[in-house]
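here is my input; please provide its structure:
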Amino acid sequence: EILVTIWSLAGFVVGHAGLYQALAMFAVAYFIIGMTVLSVCAIATNGALDAGGAYYMISRALGPEFGGSIGIMFFLANVCGSALYVLGLVEAVVDSFGVPPGQEVGTGVHVLPQSYWYELLYGTILLALCLVVCLVGASIYAKATFLIFLIVMGVLATILISFFATQPVGVPIHLPHSNSSETENGLFTGFSLATLRDNLGGRYRVDYTTGQMMSFSTVFAVMFNGCTGIMAGSNMSGDLKRPSYSIPRGTISAVLFTYLVYNLLAFLMCATCNRTLLQNDYGFLRDISIFPPLVTVGIYAATLSAAMSNLIGASRILYALARDDLFGRALALAKKTSASGNPIMAVILSWLVVQLVLFSGKLNTIAGVVTTFFLLVYATVNLACLALEWASAPNFRPTFRYFTWHTCLLGIAGCCVMMFLISPVSASASLGFLLLLLLALHYLSPSSTWGYISQALIFHQVRKYLLMLDVRKDHVKFWRPQMLLMVQNPRGSARLIDFVNDLKKSGLYILGHVELQDLDALPSDPLQAQQDSWLGLVDKLNVKAFVSLTLAPSVRHGVRQLLFTSGLGGMRPNTLVLGFYDEAAPQDGLAQHPAFTSARDEVPLGFPPPRAPAAPKLLSAREYVGIVADALKMLRNVLLARHLESLDKAWELRRAAAAPPSIHVWPVNLLRPDSARYADTCSLFLLQTACVLNMTRAWRRARLRLFLCVEAGAMPHAQEDKLRQLLKDLRIQAQIQLVPWDAVVGLHWQAQRVPPGGPAPHDEESAMNFPGNASQVSDEYVRAANKLVLEQGPAPAVRFLYLPRPPADTSLYPLYLHHLDLLTRDLGPTVLVHGVSAVTSTQL
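Predicted structure coming up:
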């Protein structure tokens, strides 16, 4: 393409911009191109390259969405580029051999008729010649381009010699923007200091081919169009024996060679040609050549070579896209190859698209689109290299080391600036088209096994910010729940998983599972096979949760492990959530979940069926309460969720418009009425938990109802005012309802009374000692407390109750659990809450 650029652009750039500005333009343009070349070389030497060139590099670095989108745009850029060169060659041929208006065919050398259809016919014939060469294969193409390379080198040598050998001569020039009969002589002066001085500065005027006034930006934009062929070699990556060796050396050599030639020719033109010749005859090199026919042949051959290069490059990109199955059956035909491996169907399809573009017949329109698409591809190559460098992945070890992230950024910035400088409309449209392709591929394309650079970048940034997350700087104002939900079988816990997802308030959420096996007796880790099923569950339920699985000899030991090891740095679970321990048989809620479309008799995601009612449990009541005690010793808050599988959130939301659901909150320890307070740490945590649920979008219409248990003669209104002030200070909106419970408390004190001379009751089935041995609670009292809670209607969507600490005496664990069972029986969805840390703040 160098000869095409020299022929059409060198005189144009130097004539309008002058030597100084022309050299500056070449320097800026090649600086942008050089930054991109460094990125290309880095990616090309970081592993084995296959067919597709820039598409292959980008797709394997940035993933299928970016790769497929840029692949389509690069394919279209090469297609339009091929059509551009064919139309340019047709225009050059018609200028030389076409019949001028008013003359008959056959006059002198002007033997070719001129019209839209004739020019389309000439273009079709030339494109068919390119097709034949590309169908034969890469070997014949390489031989043809080598022959053309020799011709181009010969023409270039002739041009350089002509500057020294040609005598000063005047070149008649017709001025199209003056009177039709006016002509002026451009002068080839030979080497002249006066000519050089006259051409040092810029002198912009109207371009004789378009009638538009030129400026620095417009000349720079046109000049940059001729410098966008740096990917021609990388497009042939699938046909090269050693692409990682050939692409860097060939690309860098081509860039350096063309840069030196452009600068040399700019100087020679300024020193030998006057401004009139440079500005009004862009084809003057043929007129001053010592052998003009050779220049003409060279121009035609170089243009034809450029058209073939773009056609074969487009076919290789299309073949790579088809082979990667990013567009499914739409490109299935392009996969077919010949016996020698030549993608003949991709070549034919590319030829058909180029033929369609030829119907436009508009060089200027195609040129703007081609350059914009190429620049977008170059910017994305720089982006891919930048992402790989920033991700700091150990496997990014290119053997080409002459690049940094600074060069990548400069390349991206330069390409983006040039896009909008050349054609703001084309640049905006190209970015919009790229965005549409990205969205389409994101939602429609299959997942790939190439690896996603986004994951490496996310890891890099998350690690950096986790190191900055200092637990010593935690403040209660910014507390948020970080949940560890223990799940035995997701089939019986689907709605609980959804509920805790609402409760986390943008905090950490971990699904924990304990597998009761001994790794010593196993050939390999069984959890690796289960990991994908759990991650698939998270995706299906659309919850923002991590998964943490562990092996342990018992559930209690497994939960301890997860509490100790789950999370990282400042992101560790501060709240343990457990399902309730009762005798109810678990229901298969996962198969009925809207997220799953499989039949009920199938096992979604490979999870086993729920436990049968007669099957033994994996842990005892004593072990279950021990887990609660362990969590509290570790200063973790504890939530026990009962009947959450009966919570139909979708139904609650549907009826919210007519009758907003309510959330009942009981901040008093119903099993310790003698120590009931509303401002202890646990009560405040319970209030905060209910408030957090109410703040989520799904529960925003629900109303908090706070129940204040009062006794006669205890000044209930004063207690209500005090509680209302507390809610105001905490910015919690809730309705307070007074609940007299003298009858219930009376049962408690009656159980505490001791007969004269008799011992205190100590039967485990009728009484229970709490940690301080301050009170005893009977079944009758707990049933009365349960009835009191149940009578407060209408029925809420969910209830939050105070969870007392387990007793210090481990022998009383079963009785503790028995009383919790009585307290929450038939209450519907209920969450028992015990908090150990301060979570509320009244400070700004």
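
for the helix or strand where residue 352 lies, buried residues please.
Following DSSP states H and E, one finds residue 352 within helix 344-358. Buried residues in helix 344-358, defined by neighbour count with 16 or more other CB atoms under 10 Å: 344-351, 353-355, 357-358. Just so you know, the C-beta spots here come from the backbone N, C-alpha and C atoms, and that holds for glycine as well.

elements contacting it?
helix 64-97, helix 116-136, helix 292-323 (3 or more CB pairs under 8 Å, 6 or more residues apart in numbering; DSSP states H and E).

so what's the gap between the second one and the chain middle?
Just to be clear, that refers to helix 116-136. Mean-position distance between helix 116-136 and its chain equals 42 Å (CA atoms, centre = their mean, to the nearest Å).

tell me which stretches of the stretch 101-250 of the chain form helices.
Taking DSSP state H, counting those that start in this stretch, the helices of the stretch 101-250 of the chain run over residues 116-136, 138-165, 193-198, 216-225, 243-272.

please produce TSV containing those, extended by distance to residue 305, mean neighbour count and mean pLDDT.
Converted to TSV, those look like this (distance: least, CB to CB, whole Å; neighbours: other CB atoms under 10 Å; pLDDT from 0 to 100):
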stretch	distance to residue 305	mean neighbour count	mean pLDDT
helix 116-136	9	18	87
helix 138-165	4	16	82
helix 193-198	33	13	91
helix 216-225	17	19	76
helix 243-272	13	18	86
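
what angle do the helix holding residue 352 and helix 292-323 make?
Helix 344-358 and helix 292-323 are oriented at 120 degrees to each other (axes from the mean of the first three to the mean of the last three CA atoms, to 10 degrees).

picking up where we left off before, for residue 832, which of the helices of the stretch 101-250 of the chain is the nearest?
Ranking the helices of the stretch 101-250 of the chain by their distance to residue 832 (criterion: CB to CB) puts helix 243-272 first, at 63.4 Å.

how about residues contacting the helix or strand just after the closest one?
Following helix 243-272 in sequence order, the next helix or strand is helix 275-280 (DSSP H and E). Helix 275-280 has contacts (CB atoms under 8 Å, 6 or more residues apart in numbering) with 11-12, 14-16, 171, 173, 175, 184-188, 198-199, 203, 205, 208, 269, 284.

are any of these buried, and which?
Buried among the contacts of helix 275-280 (16+ other CB under 10 Å): 11-12, 14-16, 171, 173, 186-188, 199, 208, 269, 284.

what is the nearest of those to residue 426?
residue 12 (20.5 Å).

report the secondary structure state of the closest one.
What DSSP: H, G, I helix; E, B strand; the rest coil gives for residue 12 is helix.

show me the contacts for it.
207, 219, 222, 223, 278, 282.

same thing but at 7 Å, please
222, 282 (CB atoms under 7 Å, 6 or more residues apart in numbering).

in a strand, residue 426, correct?
No - judged by three-state DSSP, residue 426 forms no part of a strand; its state is helix.

what's the pLDDT at it?
We note a pLDDT of 83 for residue 426 in this prediction.

would you check that it makes contact with residue 374?
No - counting by CB atoms under 7 Å, residue 426 does not reach residue 374; the two are 11.3 Å apart.

neighbour-wise, which of those two wins?
residue 374 (27 against 21; other CB atoms under 10 Å).

how far off centre is the helix or strand hosting the more buried one?
Taking DSSP H and E as the criterion, residue 374 maps to helix 363-391. Here helix 363-391 shows a centroid-to-chain-centroid distance of 18 Å under the convention CA atoms, centre = their mean.

for that helix, buried residues please.
Neighbour-count burial for helix 363-391 [16+ other CB under 10 Å]: 366-391.

next helix or strand past it?
That would be, after helix 363-391 and using DSSP H and E, helix 405-422.

name the surrounding residues that touch that following helix.
32, 35-36, 38-39, 217, 220-221, 224, 368, 371-372, 375-376, 378-379, 382-383, 385-386, 389-390, 427.

rewinding a little: packing partners of the helix holding residue 374?
helix 11-44, helix 54-62, helix 64-97, helix 216-225, helix 405-422, helix 424-444, helix 453-468 (3 or more CB pairs under 7 Å, 6 or more residues apart in numbering; DSSP states H and E).

tell me which of those helices sits most buried.
Mean neighbours per residue, mean count of other CB atoms under 10 Å, is largest over the helices and strands packed on helix 363-391 for helix 54-62, with a mean of 26.

touching it from outside, list them.
Contacts for helix 54-62 (CB under 7 Å, 6+ apart): 43-44, 49-50, 66-68, 70-71, 74, 231, 234, 237, 317, 320-321, 324, 377, 380-381, 384, 387-388, 450, 453.

now do the strands in the stretch 651-800 of the chain.
662-666, 703-710, 735-740, 798-802 (DSSP state E, counting those that start in this stretch).

is it possible to get TSV of these that adds mean pLDDT?
Below are the strands of the stretch 651-800 of the chain laid out as TSV (pLDDT from 0 to 100):
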stretch	mean pLDDT
strand 662-666	91
strand 703-710	88
strand 735-740	86
strand 798-802	93
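
want to try a markdown table for those, with mean neighbour count and distance to residue 487 as columns?
Supplementary listing: the strands of the stretch 651-800 of the chain in a markdown table, determined by neighbours: other CB atoms under 10 Å; distance: least, CB to CB, whole Å:
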| stretch | mean neighbour count | distance to residue 487 |
| --- | --- | --- |
| strand 662-666 | 23 | 24 |
| strand 703-710 | 20 | 28 |
| strand 735-740 | 14 | 34 |
| strand 798-802 | 25 | 19 |
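
before we move on, back to that, what's the closest of the helices and strands packed on helix 363-391 to residue 242?
Using CB to CB, the nearest of the helices and strands packed on helix 363-391 to residue 242 is helix 11-44, at 10.6 Å.

sorry, back to before: out of the helices of the stretch 101-250 of the chain, which gets nearest to residue 743?
helix 243-272 (86.1 Å).

work out the gap between the closest one and the centre of the chain.
Distance, centroid of helix 243-272 to centroid of chain: 37 Å (CA atoms, centre = their mean).

show me what it is packed up against.
helix 11-44, helix 193-198.

go again using 6 Å as the cut-off
helix 11-44 (3 or more CB pairs under 6 Å, 6 or more residues apart in numbering; DSSP states H and E).

give the contact list for the closest residue to residue 334 other than its chain neighbours.
Leaving aside its sequence neighbours, residue 334 sits nearest to residue 322 (CB to CB, 6 or more residues apart in numbering; 3.7 Å). Counting by CB atoms under 6 Å, 6 or more residues apart in numbering, residue 322 touches 331, 334, 335.

which among these end up buried?
Here, 16+ other CB under 10 Å leaves 331, 334 buried among those.
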